[in-house]
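Visitor: Need a 3D model of the following:
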Amino acid sequence: MTIRGFVPGKTGWVEVVTGCMFSGKTEEVIRRAKRALIARQQVIAFKHANDSGRYDLVQLASHCGERLMATPVDSVAQMDARVTQDVVVIVIDEAQFFCMELIEFLNQHRRAGRRIIISGLNKDFAGNPFPGPMPAVLAIADDISVQTAICTECGEPAGYSQRLTSSQATIEVGKSDRYAARCLIHWSPNVVPMVVTT
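Guide: Numbers count the residues shown, from 1 in each chain. Predicted structure coming up:
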């Protein structure tokens with residue numbers, strides 16, 4: 001992907017890859033980061049510590065196995081402390097886990113001329129805008145890519161994350177053991193108990 005008008009140190013840029021679970025958000029972010037590395041740009045990647053147990057502790061890891069070294073952090077302040085002067089590209093995976101301070105972080109580093117590549121869910125399991133920074137991240141983004149998954153019921157494009165457990169918590173980290181991608185027809189905002197086969 002060509003970033004329109006991006007010149008390191010001159011024009012900052014915030015690009016967001018969003019969509020439901022299993023739509024390839026992390027895979028796309030990794031692809032973009034690797035292209036920046038090929039261009040010999042200094043890249044730093046972050047993942048929220050909440051997400052560290054899903055696939056890997058110190059790497060961004062997509063559901064299909066793509067990986068990129070990343071620093072797990074608990075807060076925006078921890079990210080900011082690790083961005084050195086030579087960093088050109090900042091990668092943030094699973095941005096929905098961060099607090100509203102993320103918006104000032106993005107604006108600060110965009111003003112400094114950095115390219116920021118972000119992934120995050122646009123909707124929660126109930127189909128509502130994901131609480132926290134994601135609606136504001138989408139509002140200030142210079143470029144947004146909305147990814148779709150494949151509905152596990154019919155094979156059509158899917159834009160919803162179907163929770164398969166009885167939990168009502170907004171944030172419940174999980175993989176295909178707790179979520180499935182669904183199209184609008186097969187998605188239900190009501191919790192669907194997980195079916196266990198023996």
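Visitor: okay, CA-based contacts and neighbour counts for the rest of this
Guide: OK.
Visitor: In this structure, where's the longest helix?
Guide: Longest helix of the chain, by residue count under DSSP state H: helix 25-38.
Visitor: which of the residues in that helix are buried?
Guide: Taking 16 or more other C-alpha atoms under 10 Å as the basis for neighbour counts, the residues of helix 25-38 that come out buried are K25, T26, E27, E28, V29, I30, R31, R32, A33, K34, A36.
Visitor: just stretch 118-130 next, same as before
Guide: Applying a neighbour-count criterion of 16+ other C-alpha under 10 Å, the buried positions in stretch 118-130 are I118, S119, G120, L121, N122, K123, D124, F125, A126, G127, F130.
Visitor: From the contact counts, what lies against the longest helix of the chain?
Guide: On a contact count with 3 or more C-alpha pairs under 8 Å, 6 or more residues apart in numbering; DSSP states H and E, helix 25-38 meets strand 13-19, strand 43-48, strand 59-61, strand 89-93, strand 115-121.
Visitor: what's the closest of the buried residues of stretch 118-130 to E153?
Guide: F125 (16.6 Å; C-alpha to C-alpha).
Visitor: How far off centre is the longest helix of the chain?
Guide: For helix 25-38, the distance between its averaged C-alpha position and the chain's averaged C-alpha position is 12 Å (C-alpha atoms, centre = their mean, to the nearest Å).
Visitor: Name whatever forms a beta bridge with the spatially most central residue of the chain.
Guide: In the chain, the C-alpha closest to the average C-alpha coordinate belongs to S119, at a distance of 2.3 Å (C-alpha atoms, centre = their mean). With beta bridges defined as DSSP bridges, S119 has these partners: V17.
Visitor: Can you name the residues that contact it?
Guide: Applying C-alpha atoms under 8 Å, 6 or more residues apart in numbering to S119 gives the contacts V16, V17, T18, K25, T26, V29, I92, D93, E94, A95.
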